[in-house]
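Colleague: Quick check, what structure comes out for this input:
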Amino acid sequence: MEKTSIIARNKKAAHDYFILDKYQCGIVLTGTEIKSIRLGKASIQDAYCRVEDEELFVINMHISKYEQGNIYNHLETRKRKLLVHKNEILKLSEKSAQDGLTIIPLSLYLEDGLAKLEIAVCKGKKNYDKREDLRQEAVRQEIAKANKSRW
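Modeller: Numbers count the residues shown, from 1 in each chain. Okay, here's the model as predicted:
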């Protein structure tokens, strides 16, 4: 039986990007980092991923210092290696090389005690796309409200 608990979610990703492909990957962490993640002290709001030397890294992911970590604590926004199959790294490298595509983390979660990151290949939205999404959401809410009041 698989136990999953979401630690951090990038809520603005769906608003700012068109999500094209999703991938699940592990993260190489130190002891104090995983302890902070288990306490829920992580943020992926400004994070992004980059392929360097045929390895995938998450950059700017913030994991707060572990309070009992003393001298063995970690740097909060260090570059962290992601664990992905080599063929997936090659696909991600090709896609991120295309103009306008980027790789961003969508959620950080614990699965059977291991930290996992869901990443996605995304294309940035223009302002008019964002406005259209807001209009559609307002219409959906209005319809739901009308259906609820009818019953």
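
Colleague: only C-alpha atoms for contact and neighbour calcs from this point on.
Modeller: OK.

Colleague: pretty sure residue 23 belongs to a strand, no?
Modeller: Yes. If the criterion is DSSP: H, G, I helix; E, B strand; the rest coil, then residue 23 is within a strand.

Colleague: quick one: least confident helix or strand in this protein?
Modeller: In the chain, no helix or strand scores lower on mean pLDDT, DSSP states H and E than helix 13-16, which sits at a mean of 83.

Colleague: from the chain's centre, how far out does that helix sit?
Modeller: Between the centre of helix 13-16 and the centre of its host chain there is 11 Å, according to C-alpha atoms, centre = their mean, to the nearest Å.

Colleague: List the buried residues in that helix.
Modeller: Neighbour counts over helix 13-16 (16 or more other C-alpha atoms under 10 Å) mark 13, 15-16 as buried.

Colleague: Quick check: beta-bridge partners of residue 23?
Modeller: Taking DSSP bridges as the rule, residue 23 bridges to residue 119.

Colleague: now the longest helix along the chain: mean pLDDT?
Modeller: Counting residues, the longest helix found in the chain (DSSP state H) is helix 127-150. Across helix 127-150, pLDDT averages out at 86.

Colleague: same thing with stretch 60-76?
Modeller: For stretch 60-76, the mean per-residue pLDDT is 83.

Colleague: residues making contact with that stretch?
Modeller: Stretch 60-76 is contacted from outside by 30, 32-33, 35-37, 41-48, 77-79, using C-alpha atoms under 8 Å, 6 or more residues apart in numbering.
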